[in-house]
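> Sequence below, structure please.
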Amino acid sequence: MADTEAGTTVREYRTEELAEAAGIPVRTLRFYRERKLLPPPRREGRIAWYDDRHLARLRTISALLERGHTLGGIAELTAAFENGRDVGQLGELLGIGWSEETPVRLTPEALADYFEGEVTPENLAASLDLGYVATDGDEIVHVSRRLLDVSSALVREGVPLAAVLETGRRVREHADALAALFAGLIAEHLGKGAEEDEEAITRLRPLAKSVVEAELSMAMDRLLAAARLPEEAPGTPRQSGAPQTPAP
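Model prediction:
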């Protein structure tokens, strides 16, 4: 244990203890350290002391590896985060690029408050994988205020964050398909070249968003209407008026 300047006690681990807590071999921990995937430990003579931040980093690395990320890609993300890339650069690195969405800067404590203790290494890895969050110095950047607020509201309603993130992944697949459909429409009927297509897509994207919003609204209406219908056997005509009295 070590005391911080604020007077709080921080859990510390020797190399073997940290490896055991993270569920990895000591040689793997040392390899990650050599690849600069971990921040340097605190030194006390020849003893290296790690803390819970190192443990969280190791668990995040393991979760990202399980999702198919390479160590090279994880190292690139780590270097970008620690060097304090701005939101635009982080978006490019994570494959998001420029966006109309408003990013939000949060402390780790504020992010934990948003999601009521569900900010686990696995959920953090899923959020990184989706490009929802990145770190910039001591802050966490969420790429969309709207997505942050909606995700938080769903968690407060009782939906697990892991389920929210998985649904977000599936929604993105459909959204990508819709964007490609709209871009194809523009290219086929208004296309005059790559530069002109980009200008047309930018100019007409509010129309695409309106179509998607209206169709989703009507789909929800149909879903609710179907749920209100009484359950009937197939082929049974609907009855109206007072119930019939069976013949003797």
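> switch to C-alpha atoms for all contacts and neighbour counts from now on
OK.
> for the helix or strand harbouring A162, what is the average pLDDT?
Under the criterion DSSP states H and E, the helix or strand holding A162 is helix 161-190. Here the mean pLDDT over helix 161-190 is 93, rounded to a whole number.
> just checking, what packs against that helix?
Contacting helix 161-190 under the criterion 3 or more Cα pairs under 8 Å, 6 or more residues apart in numbering; DSSP states H and E are the following elements: helix 121-130, helix 145-156, helix 194-228.
> which of the ones you listed is buried the deepest?
Among these, helix 121-130 has the highest mean neighbour count (mean count of other Cα atoms under 10 Å), at a mean of 20.
> could you give the angle of that helix to helix 161-190?
With axes from the mean of the first three to the mean of the last three Cα atoms, to 10 degrees applied, the angle from helix 121-130 to helix 161-190 works out at 10 degrees.
> Neighbours of G184, how many?
Here the number of neighbours of G184 (other Cα atoms under 10 Å) works out to 15.
> got it, and L111?
Each residue near L111 was counted by other Cα under 10 Å, and the total is 20.
> what do you get for Y50?
Y50 has 22 nearby residues by other Cα under 10 Å.
> can you start the count at 409 instead of 1 from here on
Sure, I'll start numbering at 409, so the last one becomes Y458.
> burial of E509, as a residue count?
The local packing count at E509 equals 11, with neighbours defined by other Cα under 10 Å.
> so where's this protein shaky on pLDDT?
409-418, 475, 484-507, 543-546, 639-656 (pLDDT under 70).
> which residues sit in contact with L562?
V572 (Cα atoms under 8 Å, 6 or more residues apart in numbering).
> let's see 10 Å
Contact partners of L562, counting by Cα atoms under 10 Å, 6 or more residues apart in numbering, are F523, P568, L569, A571, V572.
> Now, of these, which are buried?
A residue is treated as buried here by neighbour count (16 or more other Cα atoms under 10 Å); on that basis the buried members of the contacts of L562 are F523, L569, V572.
> Let me know the closest of those to R435.
L569 (33.1 Å; Cα to Cα).
> wait, the closest one sits on V563?
Yes. The pair L569 and V563 qualifies as a contact (Cα atoms under 10 Å) at a distance of 6.0 Å.
> Show me whatever sits in contact with both of those two.
F523, E524, E526.
> now these in TSV, with secondary structure?
Formatted as TSV, those follow (DSSP: H, G, I helix; E, B strand; the rest coil):
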residue	secondary structure
F523	coil
E524	coil
E526	coil
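> can you tell me which two in the contacts of L562 are farthest apart?
Based on Cα to Cα, the longest span within the contacts of L562 runs between F523 and A571 and measures 12.7 Å.
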